[in-house]
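1. Take a look and give me a structure for this.
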Amino acid sequence: LILYFLYKNVTFLFSGVGDDTRAWGPPFVGTESIYFLSVNRNKKSIAVNMKNPKGAKIIRELAAVSDVFVENYVPGKLAEMGLGYEDINKIAPHIVYCSITGYGQTGPAFQRAGYDSVAAAVSGLMHITGPEDGDPVRPGVAMTDLATGLYTYGAIMAGLLQRYKTGKGLHIDCNLLSSQVACLTHIAANYLNCKMKAKRWGTAHGSIVPYQAFKTKDGYLVVGAGNDQQFVTVCKILNLLEVSKDSRYKTNKLRVQNRKELIEILSARFSEKMTTKWLELFEGSGVPYGPINSMQQVFSDPQVSSHGAFLGTALIFPLELVGLIVLSPAQPVVSNKVNRLYFAPVLLFSESHLNEFLMLE
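-> Here you go, the predicted structure:
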């Protein structure tokens, strides 16, 4: 998504049946799923039969005049069509060629198909996500897919910088499993260095106390005290100054050891007031805090809207208005670029971009 906002000329090549996400709904706008529309804006699209030599030739011609080539086929499939990295490198030695797969280019499972939730399971993310005494939980959005996309974006930018310096392209291997394992950060380090087994903590943090959601009279508030001074401030706001002086809670290490008793005290106090009241009390305190918002609350939040949270465009195919779509922009915001929708995702069987590539317009 970031590439689509920062660079105007991004082309999506697909087979005649179209991307699977077109059918992932409801909801739909016309015949198109909102899911598909949310991740395919700002891309030009053409359908190409890569198994046909003429189709493969079109892709090679596009690669010759492109900066970046991104593919997500099972390793070896594109090479069978003459479109693998070695093939493209011969005609476009400058190109940054990026392969996104489920399990990478090597290893015993490299030819398995990969989906976000499967990689989240295999990588251990699901094992550490969910209620402390409950079952593993899938994160609410495709975090493994998104993390892999961010790693891919960073690698592509580094590849383009190398190409700028050397004139030579390179092959990037990004895969769901490795990306999510990399995101385990301290959880992985805890095991690798101390053989410390990971567990589920619900909304809480295994190494920082307090840092979790607390139930209020009408909702939930997340509060984090990452150091001892912040903990003292939390206690002052809750009118529990005596708790901050208790020897059992003087340091984070002690608070982790005595988590159960401390959280019971804090939870009882948080339950006494409405969320809005706690927001008022924490405002300006220097302690990180925030409510657990519904989608309606998220997109009614003036802080969210101040960053340009809504981008709208018309969805037209071929001359008929199918609907209006409103989407959230990608990050980051770059000083000399404006996040905007240049055009909506192309509907299936539209010839507008095909004509452009074939120089028929």
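2. Show the low-confidence segments of this protein, by residue range.
-> Scanning the chain for pLDDT under 70 picks out 1-18, 42, 308-361.
3. so where do the helices sit in the stretch 101-250 of the chain?
-> For the stretch 101-250 of the chain, the helices defined by DSSP state H, counting those that start in this stretch occupy 116-122, 143-166, 176-182, 185-194, 228-237, 241-245.
4. and Val181, what is it in contact with?
-> Listed by C-beta atoms under 8 Å, 6 or more residues apart in numbering, the contact partners of Val181 are 123-124, 188. Heads up, the C-betas are built off the backbone N, CA and C, glycines and all.
5. Could you identify the buried members of those residues?
-> Buried members of the contacts of Val181, counted by 16 or more other C-beta atoms under 10 Å: 123-124.
6. mind putting the contacts of Val181 in JSON lines, distance to Asp133 included?
-> Shown next, in JSON lines, are the contacts of Val181 (distance: C-beta to C-beta, whole Å):
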{"residue": "Ser123", "distance to Asp133": "23"}
{"residue": "Gly124", "distance to Asp133": "19"}
{"residue": "Ala188", "distance to Asp133": "23"}
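7. Now flag whichever of the contacts of Val181 is closest to Gly76.
-> Minimum separation from Gly76 among those (C-beta to C-beta) is found for Ser123, which lies at 23.1 Å.
8. so which of the helices of the stretch 101-250 of the chain gets nearest Ser45?
-> Shortest separation from Ser45 across the helices of the stretch 101-250 of the chain is recorded for helix 143-166, at 18.1 Å, computed as C-beta to C-beta.
9. Output the contacting helices and strands for that closest one.
-> Using 3 or more C-beta pairs under 8 Å, 6 or more residues apart in numbering; DSSP states H and E as the contact criterion, the elements in contact with helix 143-166 are helix 2-6, strand 68-71, strand 96-101, helix 116-122, strand 170-175, helix 176-182.
10. If we use 6 Å, what do you get?
-> For helix 143-166, the helices and strands in contact under the criterion 3 or more C-beta pairs under 6 Å, 6 or more residues apart in numbering; DSSP states H and E are strand 96-101, helix 116-122, strand 170-175, helix 176-182.
11. Quick one: those as a markdown table, columns for distance to Pro210 too.
-> Listed next are the helices and strands packed on helix 143-166 as a markdown table, based on distance: least, C-beta to C-beta, whole Å:
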| stretch | distance to Pro210 |
| --- | --- |
| strand 96-101 | 39 |
| helix 116-122 | 27 |
| strand 170-175 | 36 |
| helix 176-182 | 27 |
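12. got a list of what Ala92 touches?
-> Ala92 sits next to 63-64 when contact means C-beta atoms under 6 Å, 6 or more residues apart in numbering.
13. Can you report phi and psi for it?
-> phi -140, psi 70 (degrees, to the nearest 10).
14. now the strands for the stretch 1-150 of the chain?
-> 11-14, 28-29, 32-33, 44-47, 68-71, 96-101 (DSSP state E, counting those that start in this stretch).
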